[in-house]
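1. Return a 3D structure for these sequence lines:
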Amino acid sequence: MSKFVSIETKLRERLYLKSALEQLNCQMLKTKKIKTLLNRTFDVDLAVKAPFGIVGFRKDKSGEFNLVGDDMILAKNRKFAEQLAQQYAYAKVIAEAKKAGFQLVKEMVEEDKTMRLVLRKW
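-> Here you go, the predicted structure:
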């Protein structure tokens, strides 16, 4: 049975969220509504076409964007929230480092998908 679910995140800034979604090959949609597989419609702040289906993001009272969508669609890619959090952190670290005068010197991705960044300030 299909139902609408919400996954809590720690994603607050729309700019870095959009950057992370683009890195994960997601397309922003102009609509502010998404449907479940049973055609129930829900309002969202940001709708996205991910490689596995359409999902959305809703800003909660604390200012965090929660990942929302049909549980059957989200079940197709359980690691999406983890990948999204990693790409969000990457985008934020790089942007904040540049603001502080640092440059990305080296970037490595380990076998376990851990990212290692070497930043240097000249």
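2. who's in contact with residue 32?
-> By CB atoms under 8 Å, 6 or more residues apart in numbering, residue 32 lies in contact with 43, 44, 45, 47. Where C-beta positions appear, they are placed from N, C-alpha and C, glycine not excepted.
3. Reformat those residues as JSON lines; add secondary structure and neighbour count.
-> Formatted as JSON lines, those follow (DSSP: H, G, I helix; E, B strand; the rest coil; neighbours: other CB atoms under 10 Å):
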{"residue": "43", "secondary structure": "strand", "neighbour count": "12"}
{"residue": "44", "secondary structure": "coil", "neighbour count": "22"}
{"residue": "45", "secondary structure": "coil", "neighbour count": "15"}
{"residue": "47", "secondary structure": "strand", "neighbour count": "21"}
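4. Start and end of stretch 49-58, how far apart?
-> The first and last residues of stretch 49-58 sit 15 Å apart, counting by CA to CA, to the nearest Å.
5. Tell me which residues of that stretch come out buried.
-> Neighbour counts using 16 or more other CB atoms under 10 Å place 50, 53, 54, 55, 56, 57, 58 of stretch 49-58 among the buried residues.
6. Out of those, which comes closest to residue 74?
-> Lowest distance from residue 74 to the buried residues of stretch 49-58 (CB to CB) belongs to residue 55, with 6.6 Å.
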